[in-house]
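1. test case, fold it:
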Amino acid sequence: MLDLIILSLHYFICLLISVVIWCGPKDVDLHSSSTGGDEMEPDGLVFIGKEEDIKKSQRITAKVDGREIVIFYHEGKFHALDSRCYHEGGPLCRGEIEDIDGQACIVCPWHKFKIALETGEGLYEGINPLEPSPTPKWQSKGVKQRIHKVTIDNGNVYVSPPDLSVSFDSDYYAEKYKIGGEAAIGK
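-> All right, here's what the predicted structure looks like:
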């Protein structure tokens, strides 16, 4: 009987830890306080934050035209892309960055999909069964994740609003998250 109580208590504590992690601190929306929202500069760029602050934190999320994006600072470069993975809407801001064949890639924490930071290409490891001794090689699925142009000016980081005349797979989850957040995607 004592074993059952201890096991139940263990599961309850694990559940509480999961809830705390899931509902824990969210990334800061820089626009809600200092810039008053998606504040457009005269040239159409959206102010994200100070260059030094983003370099220190290595990543930050922000809203651009109501769309959540994530900005990474990795190996001396800034990269911005939709914050929700094209596959099933996983939070890329919580993913790890890996080097895959010389490309910096974000790995979605939900299903381990790999996305090139520079291009937004989805990458997979595949083989050519027609080769005599097939060996796995990294290949592109094409551009799946919307990337956003980053501009640095006078110590400030800006992002260009997305060009919605071209669509990407990540647009689906960017819109779902924009409309209703976590509840909209059922995660």
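
2. mean confidence (pLDDT) on the helix or strand containing Ile13, please.
-> In this structure, Ile13 is located in helix 2-22 according to DSSP states H and E. For helix 2-22, the mean pLDDT works out to 64.

3. in the helix or strand that that helix is followed by, what counts as buried?
-> Toward the C-terminal end, the helix or strand that comes next after helix 2-22 (DSSP H and E) is strand 46-50. Of the residues in strand 46-50, 46-49 count as buried by neighbour count, 16 or more other CB atoms under 10 Å. To be clear about C-beta, it is placed using only N, CA and C from the backbone, and glycine gets the same treatment.

4. same question, stretch 47-65
-> By neighbour count, with 16+ other CB under 10 Å as the criterion, the buried positions of stretch 47-65 are 47-49, 51, 54, 59-64.

5. Lys114 and Ala104, how far apart?
-> Lys114 is 10 Å from Ala104, where distance means CB to CB, to the nearest Å.

6. what's the overlap in contacts for the two?
-> Common contacts of Lys114 and Ala104, defined by CB atoms under 8 Å, 6 or more residues apart in numbering, comprise Glu98.

7. Ala104 - how many residues pack around it?
-> Ala104 is flanked by 17 other residues according to other CB atoms under 10 Å.

8. what's the neighbour count on Glu68?
-> For Glu68, using other CB under 10 Å, the count is 21.

9. tell me the contacts of it?
-> Glu68 sits next to 61-62, 82-84, 174, 177-178 when contact means CB under 8 Å, 6+ apart.

10. try 7 Å this time
-> 61, 83, 177 (CB atoms under 7 Å, 6 or more residues apart in numbering).

11. mind putting those in TSV, distance to Asp163 and pLDDT included?
-> Compiled in TSV, these are given as follows (distance: CB to CB, whole Å; pLDDT from 0 to 100):
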residue	distance to Asp163	pLDDT
Thr61	20	95
Ser83	18	96
Tyr177	19	86
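
12. what bridges to Arg84?
-> Pro91 (DSSP bridges).

13. would you mind confirming that it is in contact with Tyr173?
-> Yes. Here Arg84 reaches Tyr173: they are 3.8 Å apart, a contact under CB atoms under 7 Å.
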